[in-house]
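>>> What would the 3D arrangement of this be:
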Amino acid sequence: MAHDPTLSFSVNTPDENVPAGSDVTFIITVTNNDTVAKDIVMKWTLDHEPFQALDTITVAPGDTETYPFTVTDIEQNRRFWVSFYTSTGIYLGRASESIFVYRPTVEVDLSSDKDIYSPGDTIIISLSLENKLHNPIETTTDLRVLDPGNAQVYYTQSIQNLCGYCSSTQMFNYLLPTGSETGVYLMRAETFSSTGEKIGSSTALFRVPWRSITIEIVPPVNGFEFGTTNTLSLTLTDASGFGLASGQLSITVRDPDQIEIFNGTDVFNLPAGGNATVSFLVDFPQAKSGVFSIAYQLSTGTEDIAGTLNLPATIFTKVVFTKNYYPVRLR
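Reported below is the predicted structural model:
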């Protein structure tokens, strides 16, 4: 419950029943329904122990932020609490989630080869099982990947016969589609005995962050000229470190009266952490006072980035006359 009616808080975990000794990841969710951004200070505890500082997150207006937090080595039934405060220490509310522990016979370990991926990457998932008893056991493991919206995007099943105190590791490949959502993905493995009893589980996370690409006008050395064809160049900079093998940039140029004078589209290759320049041939037909604008839309294949750039009058240098003389009417 939140004391600020524009805020809502929740805490959840994909599985409330875990083997003793498990690391449990809780997903903390904060929704801001206000028209201004808010800084939220979070503190956490287990059961009735003293609260500990967790982190501060900024939630944009009308947006929702998720924050994964892992509690390690849970050996008994516990309840995880998070309290929320303003940056000045005013209490806003709290949320909680319970965890129920059982004694496993198989230890399950789940991991991926990286923590961060971009759409189109292949995720290599490692699943390890260790039989903690001296008796052999037949196991069935369900392996799932859930996207940031909690929808299942990958599933496979593994059947393994483990001898006493034996361990086994399997590798699985999951191709992350080019249209995948950005955010935190959850991998979950649940292992069952031949009688259907759940005897182990494990979770792991990876992230698909938003791309960050900036676009800037490259000022021509001698400025743009009216009445002739100009090369309009835009520099794209990758600030996210993922690059883009095949992107598309579309622009529309309008004069100060909002009359369209050019539109065009071109493709580009943006190296990871680097720059790319996209150029268009644009005619500025006549001199006008005011600001020319460039509306752009950049398509990455998974998302569109749109915005507007302005061409100030100072970037134009001269007018090119197309005739030697012009008639003048005297009154």
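>>> So for the helix or strand harbouring N263, what gets flagged as buried?
Element membership for N263 (DSSP states H and E) is strand 260-270. By 16 or more other C-beta atoms under 10 Å, the buried positions in strand 260-270 come out as F262, F268, L270. Bear in mind the C-beta positions are built from the backbone N, C-alpha and C, glycine included.
>>> Pick the one among these closest to T178.
Within these, proximity to T178 (C-beta to C-beta) peaks at L270, which comes in at 15.3 Å.
>>> picking that back up, kindly export the strand holding N263 (C-alpha atoms) in CSV.
Provided in CSV are the C-alpha atoms of strand 260-270 (Å, rounded to 0.1, in the frame of the first residue of the first chain):
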residue,chain,number,x,y,z
GLU,A,260,8.1,20.1,-46.8
ILE,A,261,11.1,20.6,-49.1
PHE,A,262,12.7,17.1,-48.8
ASN,A,263,12.2,13.6,-47.5
GLY,A,264,14.4,10.6,-47.9
THR,A,265,15.6,7.3,-46.3
ASP,A,266,19.0,5.6,-46.1
VAL,A,267,20.5,2.6,-44.4
PHE,A,268,23.6,2.6,-42.2
ASN,A,269,25.9,0.3,-40.2
LEU,A,270,26.7,1.6,-36.7
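>>> Neighbouring strands of the helix or strand following that strand in the sheet, and parallel or not?
Following strand 260-270 in sequence order, the next helix or strand is strand 275-283 (DSSP H and E). Partners of strand 275-283 in the sheet, by DSSP bridges, are strand 229-238 (antiparallel).
>>> Show me where this protein has its helices.
Assigned helices in the chain: none (criterion: DSSP state H).
>>> Would you mind listing where it has pLDDT under the threshold?
Low-confidence segments of the chain (pLDDT under 70): 1-2, 19, 103-104, 241-242, 302, 313-314, 316-331.
>>> mind giving me the domain ranges of it?
Domain assignment of the chain by automatic domain parsing yields the ranges 1-102, 104-209, 213-319.
>>> Pull the residues that contact stretch 161-181.
106, 117-139, 143, 145, 147-149, 153-154, 156, 158, 160, 208, 301-302 (C-beta atoms under 8 Å, 6 or more residues apart in numbering).
>>> Out of those, which end up buried?
For the contacts of stretch 161-181, a burial check counting by 16+ other C-beta under 10 Å picks out 106, 117-119, 121, 123, 125, 127, 129-132, 137, 139, 143, 145, 147-148, 154, 158, 160, 208, 302.
>>> So which of those belong to strands?
For the buried ones among the contacts of stretch 161-181, the ones inside strands are 106, 123, 125, 127, 129-131, 137, 139, 143, 145, 154, 158, 160, 208, with DSSP state E as the criterion.
>>> Show me which of those residues is closest to F26.
Of these, the one sitting nearest to F26 (C-beta to C-beta) turns out to be V145, at 18.6 Å.
>>> I figured that closest one hits V153, correct?
Yes. The criterion here is C-beta atoms under 8 Å, and V145 meets it with V153 at 5.3 Å.
>>> Which neighbours do those two have in common?
With C-beta under 8 Å, 6+ apart as the test, V145 and V153 both reach Y185.
>>> ok so, going back, the ones in strands among the buried ones among the contacts of stretch 161-181: which two are farthest apart?
Across these, the longest distance by C-beta to C-beta is 35.7 Å; it joins I137 and V208.
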